[in-house]
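S.K.: Here is a sequence with its predicted model. Questions after.
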Amino acid sequence: MERSALRINRSDDQRVCSLAHLSDFHFVGELTESGRRLWTKGVKSHSFAKIDALSQEFYEFRRLDSYPDVIVVTGDVSTDGSTQSLETALGFIQGSEIFKGVPGRLITTGLCASPDRRIIIPGNHDRYGFGLLPLQRTSDALESVFSTSREYPYVVVYHPTYDNHTPLLFFLFDSTLPKWVSAPPWNRVAQGWIQPAE
């Protein structure tokens, strides 16, 4: 899991617009996964300890009223591209409290990123098939689970809720290898593709 943050300072206002950039979650179907190598996919899964540590950072942001204005997740949200893995990711990214079992036991807090304050784009893992060799496939599972556009490229406009701030424009591209690109299997594992027009 990778993360970074960008703060945009404005001279005409004391308020600072902030953006949290998260990448490579590699969620699997079980949120409490301890982090392991998925031998059938040849890649690592997320680690609940790291996810929980990140949730504590975001909890502190909320407590200190310094929560990021926009959360951007740039690829490899899941390990295997399955709907179950993507729904686990959605629960963590969108939820405020995450429970397990019946009756529910609180296991962590989520990021509380509502659809109007988050941007999600796919990575090659989010397009993986289910065979032994994880080739990219045509899939809109990520877009379906996160209720985002299926057509790329597109633009998202974020309007800060406080005065005197210019809207932020985000240009979203899907660089996963499209089905129509002729490529040998070993290039369908982790190759991207952006057209000249994009």
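M.R.: Now that the structure is in, tell me what you want to look at.

S.K.: Show me where the chain dips below the pLDDT cut-off.
M.R.: The model of the chain has pLDDT under 70 over residues 1-16, 36-43, 101-102, 130-134, 163-164, 179-180, 185-187.

S.K.: tell me, what residue is most central in it?
M.R.: Most central in the chain under CA atoms, centre = their mean is V73, positioned 3.5 Å from the mean C-alpha point.

S.K.: So that residue versus S23, what's the distance?
M.R.: 7 Å (CB to CB, to the nearest Å). C-beta: built from backbone N, CA, C; applies to glycine.

S.K.: For the residue nearest to the centre of the chain, give the beta-bridge partners.
M.R.: Following DSSP bridges, V73 is listed with bridge partners L22, I120.

S.K.: for this structure, which helix is longest?
M.R.: helix 48-63 (DSSP state H).

S.K.: My read is that the residue nearest to the centre of the chain contacts R117, right?
M.R.: No: V73 lies out of contact with R117 (CB atoms under 8 Å); the separation is 11.8 Å.

S.K.: Correct me if wrong: G192 contacts V181.
M.R.: No: counting by CB under 8 Å, G192 sits too far from V181 to count as a contact (10.1 Å).

S.K.: Just give the number of residues close to F92.
M.R.: Look at F92: counted by other CB atoms under 10 Å, it has 23 neighbours.
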